[in-house]
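Novice: Sequence first, predicted coordinates after that:
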Amino acid sequence: MKVLVVEDEPRVRASLVELIRELGHEASAVGTVADARDALGAPTPDVCITDLGLPDGDGLDVVRAAKAARADCAVLVLTGKGSIVAAVDAIKAGAHDFLLKPLKPTLLASALARLSEHHAPQPAAHAEPAAAGRIGEMVGRSPLMQEIFRLIARVAGSEAPVMITGESGTGKEVAARTVHALSRRARGPFVAVNCGAISPNLVESELFGHEKGSFTGAERRRAGTFEMAHGGTLFLDEVTEMPPDLQVKFLRVLDTRTFRRVGGNEEMDVDVRLVASSNRDLAEAVKSGSFRPDLFYRLNVFPLRMPPLRERKPDIPALASHFLSQVEEKERRGFTSIEQGALKVFDRHDWPGNVRELKNAVHRAYVLSDPPVVQSGAAEAVLDAYHPAEIPPAVNAREESWPEVPVRVGEKLEAVERKLLVATLQAVNGDRRAAAEMLGISLKTVYNRLKQYGLDHPRLPGGRARGS
Amino acid sequence: MDAVLPPDPAGEPSRILHALRHALADPLSAAALKLDLVERRLLSPSGADPSWMVERVRAVQADVGTTSRLLDLLLRLADIAAERPEETSLRDVCRAAGVPLDGPEATLPPQAMRPRSSAEAIRSVASFTARRGAGPPATGRARLEDDRVTLSLEGSQEPGAGRPQRLLDLPHGIPEAGTLFVARAAVAADGGHLEISERDGRLVALFSWPVRPEAGRRGDA
């Protein structure tokens, strides 16, 4: 690759050039914005590494000039620990990633290796997702989804953190996986963490891992989430549920890109791309003080809003067909299509559970139909059986007919939560979605809590979900 | 590299530390890159040429020397922070700095200043603006403006390329960069501000300190 270094400090500049050449790339260097503009003329480098503070201007000018000269020129920004805000601004302006000073040569080498490995042009399928009507596992031809595809294709090539918002079931994790799959980290791991489901007692061990003997029960060394995601993408699901203590620890890792295992002395470098999601209003979470503004700023570099299914109903036929193919692939009963009448039934529905609800409905209609087509009667039966108005949470939660849950003063909150969850599930015959609505939490949180409390078993009340 | 200054509610003292931290990152980065290079060569099958190695080792030693000088600046900032402000007047501080005040006698109120650090700051900036001490001495002009006392030093030094204010940000290749940076810190420690600009092809330094409103009204002959 051709690499241009823009750095005013002569010794850093010379050392960078020498190391980049040692790594097998062509390198040239300049010390000012004006010289960078000249150097960015033909032939434009593949990669531009620029300091943010330059004597005659701002590194952001170099970022813009590089992107203007060649859209796929990857710009790496060099910045100090106290200038993360400026680095985030640079990413918003189109920079690929930033590297902290004092520089860690290993991080620079791995960033260049990734860029080099994936320097070839993106496959046509990625370049024209709109025409294909799908990108990764995401399906849709509606204008809303075409825009989402365009944004995902654009952001995937950078290292910018992505913040995906949207109602439950809109496909936030699928979008996160798509960003990863289209990124230069695709061959690296994709690690998802549900921020609301990490036990407070195990937070540090979960994220950072631990050394053998670092605490009672630590019988062997264990890699944490950051270590597991090294070289890949870390997906922070339900990020607004992250406890405040954890937010501080997280921010530190994001700022320094290093961490230590619990009980360890070694400072370890971490190289992950962050994608976060939330079904809550993030700005509101910041305003209410439950989410740190600095962390919000770091994560919200590239916001992506997944629209609810009711706003993209034209996509229902393609989605339903896609889900039918998935089910048929597993069960092989000889289904080929969905009746127009069934699609009309689906179109009339409001889909409060969004794409996930449609997926479940297709599966259930598939079960109720005879091959080779999913029939409208089956679709009607499925949607009649599930109607959100059946369980209006605000009303039902106050119903005197519901059983009470006895709670003693001083009882552990975890125990109270477990009891309430079990009682609610029993009251709604194990329907997790209904329980989630009544308790005012997401379905995913219900699943996570069941797992956390060891209740994720088919014989227990939470062991089945209506619609799945 | 220059400091990239974020919005900073803590003000100038914090920005100064921020700039120093950035300055420290440069030699540390350079040294880390060279050491990585040396390690790669040593581990490569062809090994490292001794003269190439010596060159890199010496370069790392130079980086260590730069780091050491920057750490000295940190100690000088600590000295400034440790000095207690005293009730004094700018006129006395200028006298201690050996910088005579020009023009009509200004009414300068007593103000809380670190006398030693402030005098040193005025002396070093005056020397720099006076063609690094080689030209005619800089002349000072003090004024009382509302709630601030200002001191303007106009020397014979011609500004170089770039923004003169950059001289206070620890730029590369300016021998007095550390001294000017410490001067900026000394002024900031008393709530003041130092600017360097260009006027008629000459460098002009403008010091500015706040004074209490009642002190401003009372004055000092």
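Specialist: Sure, I can see it. Numbers count the residues shown, from 1 in each chain, chains lettered A, B, ... in the order given.

Novice: Quick one: residues contacting the closest residue to B:Ala112 other than its chain neighbours.
Specialist: Excluding the flanking residues, the one nearest B:Ala112 by CB to CB, 6 or more residues apart in numbering or on different chains is B:Pro85, at 4.2 Å. Yep, even glycine has a C-beta here, placed from its N, CA and C like the rest. Neighbouring residues of B:Pro85 by CB atoms under 8 Å, 6 or more residues apart in numbering or on different chains: B:112-114, B:190.

Novice: Go again with 10 Å.
Specialist: Residues near B:Pro85 by CB atoms under 10 Å, 6 or more residues apart in numbering or on different chains: B:111-115, B:117-118, B:189-191.

Novice: out of those, which one sits closest to B:Gly173?
Specialist: B:Ser117 (25.9 Å; CB to CB).

Novice: Verify the stated contact: that closest one with B:Val182.
Specialist: Yes: B:Ser117 lies in contact with B:Val182 (CB atoms under 10 Å); the separation is 8.3 Å.

Novice: Could you list the low-pLDDT ranges of the chain?
Specialist: In the absence of a named chain, chain A is used. A:42, A:81-83, A:118-132, A:200, A:385-403, A:429, A:456-468 (pLDDT under 70).

Novice: wrong chain, I was asking about chain B
Specialist: B:1-10, B:103-106, B:132-134, B:159, B:161-162, B:212-221.

Novice: And the helices in it, which stretches?
Specialist: Under the criterion DSSP state H, chain B contains helices at B:12-43, B:50-82, B:90-97, B:115-129, B:177-189, B:213-218.

Novice: ok, back up a step: mind listing the shared neighbours of B:Ser117 and B:Val182?
Specialist: In contact with both B:Ser117 and B:Val182: B:76-77, B:79-80, using CB under 10 Å, 6+ apart.

Novice: who touches B:Ser127 in this structure?
Specialist: Contacts of B:Ser127 (CB under 10 Å, 6+ apart): B:97-99, B:133-135, B:137-138, B:153, B:155, B:157, B:176, B:179.

Novice: Spell out for me which residue occupies the centre of chain B.
Specialist: B:Phe181 (1.5 Å; CA atoms, centre = their mean).

Novice: What distance do you get for the residue nearest to B:Ala112 to B:Trp209?
Specialist: Using CB to CB, to the nearest Å, B:Pro85 is found at 11 Å from B:Trp209.

Novice: Now list whatever residues contact both of the two.
Specialist: With contacts taken as CB under 10 Å, 6+ apart, B:Pro85 and B:Trp209 have B:111-113, B:118, B:190-191 as neighbours in common.

Novice: export those to JSON lines and tack on neighbour count and distance to A:Arg273?
Specialist: Formatted as JSON lines, these follow (neighbours: other CB atoms under 10 Å in any protein chain shown; distance: CB to CB, whole Å):
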{"residue": "B:Gln111", "neighbour count": "25", "distance to A:Arg273": "53"}
{"residue": "B:Ala112", "neighbour count": "16", "distance to A:Arg273": "51"}
{"residue": "B:Met113", "neighbour count": "26", "distance to A:Arg273": "51"}
{"residue": "B:Ser118", "neighbour count": "31", "distance to A:Arg273": "50"}
{"residue": "B:Asp190", "neighbour count": "20", "distance to A:Arg273": "46"}
{"residue": "B:Gly191", "neighbour count": "18", "distance to A:Arg273": "44"}
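
Novice: A:Asp61 and B:Arg163, how far apart?
Specialist: Relative to B:Arg163, and taking CB to CB, A:Asp61 is found at 15 Å.

Novice: who has more neighbours, those two?
Specialist: A:Asp61 (18 against 14; other CB atoms under 10 Å in any protein chain shown).

Novice: mind checking the SS state of the more buried one?
Specialist: helix (DSSP: H, G, I helix; E, B strand; the rest coil).

Novice: Pull up the pairing partners for the top strand by length along chain B, direction included.
Specialist: What stands out as the longest strand in chain B, according to DSSP state E, is strand B:202-210. Note on strand B:202-210: by DSSP bridges, its sheet partners are strand B:148-154 (antiparallel), strand B:193-199 (antiparallel).
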